[in-house]
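[1] Just to be clear, the model below is a prediction. Sequence and coordinates:
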Amino acid sequence: MNKLKRFRSIKFRIISYYFITILITISLLGLLLWISVRGYYYKAMETILKDQVNLSTKFYSKYLNDSDVKRVYEDLEENFFSNLDVQVQILDKEGRVIWDDLGIIPGTKLEYIDIKKALVDETAVWVGKPDGSYSSNKIMSVSAPLKIDSNIIAVIRVVSSMDMVDKLLDRIALLIISVVFIVMVITTILSLIISNTITNPLKKVTNVAKDMANGKYDVTLEKIYEDEVGTMAETLNYMAQEIKKNEKLKNEFISSISHELKTPLTSIKGWAVTLKLKEFTDLNQREKALDIIIQESKRLSLLVNELLDFSKFASSKMKVNLGDVDIEELLKDIILEMSPRAKRNDLELIYEIPRLPIIEGDKNRLKQVFINLLDNSMKFIERQGKIHIKAEEKDGFVVIIIKDNGIGIKVEDLSKVKQKFYKVDPSKHGNGLGLSICDEIISLHGGSLDIVSKYGEGTEIKIKLKVSNS
């Protein structure tokens, strides 16, 4: 199994690709070189033999007559081929041997293609192993017609052994194979080095990813190269940081939600126990206690609903039931509902809501958004603060602006306030889900929720909702 994994590894594939590609390339180059060298040596030998044969046939054709043919072989080898290690033959018009310097029996008929072509007035070359037992080596033969007065009277044939040339070519082939082998060894070593520069960082990335999968987020990767692997290392480090932040937010959320649940439960339990006491008979106090229990129960219900909304939001199952909504009436109802709390906190609610067109939306969800936004404004504003609510129609949208003169939001917090679990001030009650859920609800309406804030001066929230087409 480990061997199979090794063959499937990136390292093995890189080495294989380099090895196969360079092997094929250099083998083809080596083959082409060998073919070129072989062609060069064979052509050189052919040219030498042809030049000598043609020179001899032209000479004898010019200066001899028919009766002098017998004199040709007497001085042919001495005058024309003395400097060449060749076999010289003279053949008659039937292709039979007249004379051979190696002693082939006169009258022996030779059936080689170069002889046949020479008998039809063509200088021809043949390469191969001859018939018979006088030579077992490859030879090259050149035959040319000997003519007097344009009549072919004989054929001069020169035969050279190719043994020396083929041995030289074998040595060249061995040299090429050696070079190919050395190049492939170097290629394999370089491929191994190159693959290690890729696979070793990837192994580190894999190990760190495994550590992160096991909950170890303090591990970091060193960026060695400015390439894709380096980018991956940076991304993994960034992911680890983000996971740590989210883990911290999650823990803070759990702590916050535990506190949010515990406070009303403690109150409900405390008053419920008090109500059971026999000595607790004051009707006014009992009425007050029941009101507190009801109020804290509503608070618990709102908290549970918010958690349910978050669950839907996190699993992308949150839905809105769209219909015609009188946004003007909705905003006025919400302001009326929030006014008592504003009055208790010594806050001033100022609103400018003209006649607005009907929008397409989910009334309950939109109410949830505006109450949450106003609740946030009231939490982060000092007494005698002001909250302005303004609405207008613009370019097919209803634009609602909620502006306060509260403490504002720091620059470093502004980009994170719509993230789930994020709380600007951990000391304030809340679970850090409100704005993220609000943003999702507005997005489901095809609108937008934008926040502009300056720390120490206040915050402005702008909501855009589409006007209904009906």
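    Looks like it arrived, so ask away. Just so we're clear, the structure is a prediction, and the values are computed from it rather than from any experiment.
[2] Hmm, residue 10 and residue 198 touching each other?
    Yes. Using C-beta atoms under 8 Å, residue 198 is in contact with residue 10, at 6.7 Å. All C-beta atoms are positioned from the backbone trio N, CA, C, and that covers glycine.
[3] between the two, who's got more neighbours?
    Higher neighbour count among residue 198 and residue 10: residue 198, with 16 against 12, using other C-beta atoms under 10 Å.
[4] and the more buried one, how far is that from residue 192?
    11 Å (C-beta to C-beta, to the nearest Å).
[5] Over to residue 44?
    From residue 44 across to residue 192, the span is 43 Å (C-beta to C-beta).
[6] Which of those two has more residues huddled nearby?
    residue 192 (14 against 11).
[7] so what's that one up against?
    For residue 192, the contacting residues are residue 15, by C-beta atoms under 8 Å, 6 or more residues apart in numbering.
[8] Could you pull up the residues touching the closest residue to residue 184 other than its chain neighbours?
    In space, and not counting its chain neighbours, residue 184 is closest to residue 23: 5.9 Å by C-beta to C-beta, 6 or more residues apart in numbering. Contacts for residue 23 (C-beta under 8 Å, 6+ apart) come out as 180, 184, 187.
[9] Go through those residues and flag which are in strands.
    With strands taken from DSSP state E, there is no overlap with the contacts of residue 23.
[10] Now render those as JSON lines, adding neighbour count, pLDDT and distance to residue 15.
    Output for those, formatted as JSON lines (neighbours: other C-beta atoms under 10 Å; pLDDT from 0 to 100; distance: C-beta to C-beta, whole Å):
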{"residue": "180", "neighbour count": "17", "pLDDT": "89", "distance to residue 15": "17"}
{"residue": "184", "neighbour count": "17", "pLDDT": "87", "distance to residue 15": "11"}
{"residue": "187", "neighbour count": "17", "pLDDT": "85", "distance to residue 15": "9"}
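[11] and those residues as JSON lines, adding distance to residue 380?
    JSON lines is the format used below for these (distance: C-beta to C-beta, whole Å):
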{"residue": "180", "distance to residue 380": "77"}
{"residue": "184", "distance to residue 380": "72"}
{"residue": "187", "distance to residue 380": "68"}
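[12] and of the residues you listed, the nearest to residue 247?
    Comparing the contacts of residue 23 against residue 247 with C-beta to C-beta places residue 187 closest, at 47.8 Å.
[13] I'd assumed residue 17 was in contact with the closest one.
    No. Checked against C-beta under 8 Å, the pair residue 187 and residue 17 is beyond contact range at 10.9 Å.
[14] Would you mind measuring from the residue most central in space within the chain to residue 242?
    Using C-alpha atoms, centre = their mean, the residue of the chain that lies closest to the mean C-alpha position is residue 228, 8.4 Å off. Distance of residue 228 to residue 242, computed by C-beta to C-beta: 20 Å.
[15] one step back: helices - which of the contacts of residue 23 land there?
    180, 184, 187 (DSSP state H).
[16] Am I right that the first one is in contact with residue 33?
    No. Under the criterion of C-beta under 8 Å, residue 180 makes no contact with residue 33, lying 10.5 Å away.
[17] Tell me where the stretch 301-450 of the chain has helices.
    327-344, 363-379, 411-414, 434-444 (DSSP state H, counting those that start in this stretch).
[18] mind checking which helix or strand of the chain has the lowest mean pLDDT?
    Least confident helix or strand of the chain, by mean pLDDT, DSSP states H and E, is helix 2-7 with a mean of 52.
[19] before we move on, back to that, nearest to residue 59, out of the contacts of residue 23: which one, please.
    residue 180 (48.3 Å).
[20] so what's that closest one up against?
    23, 26, 27, 30 are the contacts of residue 180 under C-beta under 8 Å, 6+ apart.
[21] and the second one, how many neighbours?
    When counting by other C-beta under 10 Å, one arrives at 17 neighbours for residue 26.
[22] Okay, now the unreliable bits of the stretch 201-350 of the chain?
    224-225, 249, 252-253, 255-257, 259-260, 309-317 (pLDDT under 70).
[23] Equivalent analysis for the stretch 1-150 of the chain, please.
    1-9, 62-84, 132-135.
[24] Quick one: the helices in it, in order.
    So, for the stretch 1-150 of the chain - with DSSP H, counting those that start in this stretch - the helices run 2-7, 10-63, 69-80, 113-118.
[25] Redo those as CSV? Include distance to residue 250.
    Converted to CSV, these look like this (distance: least, C-beta to C-beta, whole Å):
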stretch, distance to residue 250
helix 2-7, 36
helix 10-63, 35
helix 69-80, 103
helix 113-118, 92
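[26] Point out the most buried one among those helices.
    Compared across the helices of the stretch 1-150 of the chain, helix 113-118 shows the largest average neighbour count, a mean of 19 (mean count of other C-beta atoms under 10 Å).
[27] hmm, back to that, nearest to residue 213, of the helices of the stretch 1-150 of the chain?
    So among the helices of the stretch 1-150 of the chain, helix 2-7 is nearest, using C-beta to C-beta, at 19.4 Å.
[28] Near residue 434, how many other residues are there?
    Residues near residue 434, counting by other C-beta under 10 Å: 23.
[29] Name the nearest residue to it, sequence neighbours excluded.
    Spatial nearest neighbour of residue 434, excluding adjacent residues (C-beta to C-beta, 6+ apart): residue 372 at 4.6 Å.
[30] so what's the one you found up against?
    434, 435, 437, 438.
[31] could you measure the third one against residue 459, distance?
    Going back to what we said before, that points to residue 437. In terms of C-beta to C-beta, residue 437 sits 18 Å off from residue 459.
[32] And these two? Which one has more around it.
    residue 459 (24 against 21).
[33] Tell me which residues of stretch 96-111 come out buried.
    Buried residues in stretch 96-111, counted by 16 or more other C-beta atoms under 10 Å: 97, 98, 99, 100, 110.
[34] so the third one touches residue 106, yeah?
    Yes. Counting by C-beta under 8 Å, residue 99 does reach residue 106; the two are 6.9 Å apart.
[35] Ignoring the adjacent residues along the chain, who's closest to residue 397?
    residue 464 (4.6 Å).
[36] partners of the helix or strand encompassing that neighbour, with directions?
    Residue 464 is located in strand 458-466, with elements delineated by DSSP states H and E. Using DSSP bridges, strand 458-466 pairs in its sheet with strand 397-404 (antiparallel), strand 448-454 (antiparallel).
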